[in-house]
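> Please work out how this folds:
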Amino acid sequence: MKATRILSVTSAWIAAVLTSVPVLADSGWPHSVATLTEARDRVTAVTVGEKALFAGGWNFSPSSVVDIYDSAKNTWTAAQLSQARYAMAGAATADGKAMFAGGFRSSTWSNTVDVYDPATGTWSSDSLSLARRWLAATTVGTKTMFAGGNGSGIAATNIVDIYDVSSNTWSTASLSQARYGLNATTVGHLAMFAGGNRGSSKFSDVVDIYDAATDKWSVAKLAQARQWPVAVTVGTKAVFAGGFTGSTNYSTVVDIFDSVSGNWSTATLPQGGEELDGAAVGHIAMFSGTSYRSDAVYVLDLDTMQWSQEVLSHKRGWLGAAGVDNRLLFAGGYDGTGLLDTVDIYLIPEPATLTLLALGGLLALRRPR
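Coordinates of the predicted model:
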């Protein structure tokens, strides 16, 4: 078990937030650094309750390590997957378990689904209908869905494996287009599977949408075809940021779907990248890992649609991201020369605190001198 090393909040940070409007435009949020059990990149991150799990990954061979951060206790523990692998997909189920599915085992593809129950601290396992890697996962209603991917002799698949916790049964469905390297998120009763690669660098702009309320599928389009976009949900909005568009071309497009209006809009990442990951807490989405040469963390406030920037403790890409309570974590990664065990943890100030700080800043600015 390891405890994070919390860095003290500096007077410079306090001064900055007290004298700046808007507050969220400033960098310098409270920031701590922790250490994974094993240095690795391409971990799969899932949040269940007050725990963030970072599973598997690549440490010059597939890893079976699962590092578990408990935000309530501010402690770390470790566990093991039943099978060492990377390029998995993960999601939290409706009954509060974490599922890690598929992946690659150096020379073979995996159909294993590892299931973690935080209530008991125990693990169990199940199987996908097809062994594959680079699939996407999300949960909507009582259904956890694992879509797309590629496997042995299969450039890309359209299979969607669906686990329904209410009946403890599996079923399958089909994407409108076979692809791997897609990503998924859920907003309201809609599960959305966006982008990907159809094989031979044929990038996709398709968004397959499953409506749990009607049990029907529909299709939408991203503004730009790409694989490995980051997918997060912020309130009533689904956000698909960045991705890979071929050769050395990285997307800066951020597609935003508003589930209330049904409308799409776009924003622009300050820097594109395919090694990107991200997560959300409250109305804040954070993205990092644009490349192993960058330490930038790009912060998007979905309420104001304003960008700001934080800084990682170490430049790196291919990291994993998770949001838990009011913390956002970026774990592991590759810095161009080696693999890292670093975890950067950002404490997102509560909205009420931000409001008070903003008011304090206004009063300070208006006070006669």
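> I'd like to know how many residues surround Ala101.
26 (other C-beta atoms under 10 Å). Any C-beta I mention is one placed from the backbone N, CA and C, and that applies to glycine too.
> and if you look at the one 5 residues further on?
With neighbours defined by other C-beta under 10 Å, the count for Ser106 comes to 10.
> Check Phe60 too.
Phe60 has 9 neighbouring residues, counting by other C-beta under 10 Å.
> what do you get for Thr214?
If we define neighbours as other C-beta under 10 Å, then Thr214 has 9 of them.
> again with Asp211
Counted with other C-beta under 10 Å, the neighbours of Asp211 add up to 15.
> Provide the partner residues of it in its beta bridges.
Per DSSP bridges, the residues bridged to Asp211 are Leu190, Lys216.
> Let me see the contact set for it.
With C-beta atoms under 8 Å, 6 or more residues apart in numbering as the criterion, the residues that contact Asp211 are His189, Leu190, Trp217, Ser218.
> Check it and give its pLDDT.
On the pLDDT scale, Asp211 is placed at 98.
> Ok, Tyr116 next?
In the predicted model, Tyr116 carries a pLDDT score of 98.
> Check Leu190 too.
Value for Leu190, per-residue pLDDT: 98.
> and what of Ser247?
Listed pLDDT for Ser247 reads 77.
> Kindly tell me how buried it is, as a neighbour count.
Neighbours of Ser247 (other C-beta under 10 Å): 7.
> and the gap between it and Phe203?
Separation of Ser247 from Phe203 (C-beta to C-beta, to the nearest Å): 11 Å.
> quick revisit: considering the contacts of Asp211, which possesses the most neighbours?
In the contacts of Asp211, the most neighbours by other C-beta under 10 Å go to Leu190, 20 neighbours.
> That residue contacts Ala212, doesn't it?
Yes. The criterion here is C-beta atoms under 8 Å, and Leu190 meets it with Ala212 at 7.5 Å.
> so what sits against both of these two?
Common neighbours of Leu190 and Ala212 (C-beta under 8 Å, 6+ apart) are Val140.
> Can you tell me which of the contacts of Asp211 comes closest to Asp95?
Ranked by distance to Asp95 (C-beta to C-beta), the contacts of Asp211 are led by His189 at 17.6 Å.
> Show the backbone phi and psi for the closest one.
The phi/psi pair for His189 (degrees, to the nearest 10) reads phi -100, psi 20.
> Pretty sure it sits against Gly141.
Yes. In terms of C-beta under 8 Å, His189 counts as a neighbour of Gly141; the distance is 6.6 Å.
> shared neighbours, these two?
Contact with both His189 and Gly141 is made by residues Ala212, according to C-beta under 8 Å, 6+ apart.
> May I have the secondary structure class of Phe257?
When classified by DSSP: H, G, I helix; E, B strand; the rest coil, Phe257 comes out as strand.
> Report the beta-bridge partner residues of it.
Bridge pairing for Phe257 - DSSP bridges - gives Ala238, Trp264.
> residue contacts, it?
By C-beta under 8 Å, 6+ apart, the contact list for Phe257 reads Val187, Met192, Val207, Ala220, Lys237, Ala238, Val239, Phe240, Asn263, Trp264.
> Using ChimeraX, define a selection of the buried residues within these.
ChimeraX command restricting those to the buried ones, with burial defined by 16 or more other C-beta atoms under 10 Å:
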select :187,192,207,237,238,239,240,264
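> Could you export the contacts of Phe257 as JSON lines, including distance to Pro118?
Formatted as JSON lines, the contacts of Phe257 follow (distance: C-beta to C-beta, whole Å):
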{"residue": "Val187", "distance to Pro118": "24"}
{"residue": "Met192", "distance to Pro118": "26"}
{"residue": "Val207", "distance to Pro118": "31"}
{"residue": "Ala220", "distance to Pro118": "34"}
{"residue": "Lys237", "distance to Pro118": "27"}
{"residue": "Ala238", "distance to Pro118": "26"}
{"residue": "Val239", "distance to Pro118": "26"}
{"residue": "Phe240", "distance to Pro118": "28"}
{"residue": "Asn263", "distance to Pro118": "37"}
{"residue": "Trp264", "distance to Pro118": "35"}
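> Closest one of the contacts of Phe257 to Ala78?
Taking C-beta to C-beta as the measure, Val239 is the one of these closest to Ala78, at 31.0 Å.
> Please tell me I have it right and that closest one contacts Pro229.
No. Applying C-beta under 8 Å, one finds Val239 not in contact with Pro229, separated by 9.3 Å.
> so what sits against both of these two?
In contact with both Val239 and Pro229: Asp255, using C-beta under 8 Å, 6+ apart.
> In stretch 82-90, which residues are buried?
Residues of stretch 82-90 classed as buried: Gln83, Ala84, Arg85, Tyr86, Ala87, Met88, Ala89, Gly90 (neighbour count, 16+ other C-beta under 10 Å).
> which residues are in contact with it?
Contacts for stretch 82-90 (C-beta under 8 Å, 6+ apart): 42-46, 53, 55-58, 61-64, 98-105, 110, 112, 114, 123, 125, 133-137, 146, 149, 184.
> what's the answer for stretch 33-42, then?
Applying C-beta under 8 Å, 6+ apart, the external contacts of stretch 33-42 come out as 2, 4-5, 7, 43, 54, 56-59, 63, 65, 67, 69, 76, 78, 86-87, 313, 316-320, 331-334, 338-345.
> So what pairs up with Asp117 in the strands?
Taking DSSP bridges as the rule, Asp117 bridges to Thr122.
> how much space between it and Thr93?
Separation of Asp117 from Thr93 (C-beta to C-beta): 10 Å.
> ok, the two, which is more surrounded?
Thr93 (20 against 15).
> Count the neighbours of Ser176 for me.
Residues contacting Ser176 under the criterion other C-beta under 10 Å number 15.
> which parts of stretch 226-242 are buried?
Neighbour-count burial for stretch 226-242 flags 226-234, 237-242 (criterion: 16+ other C-beta under 10 Å).
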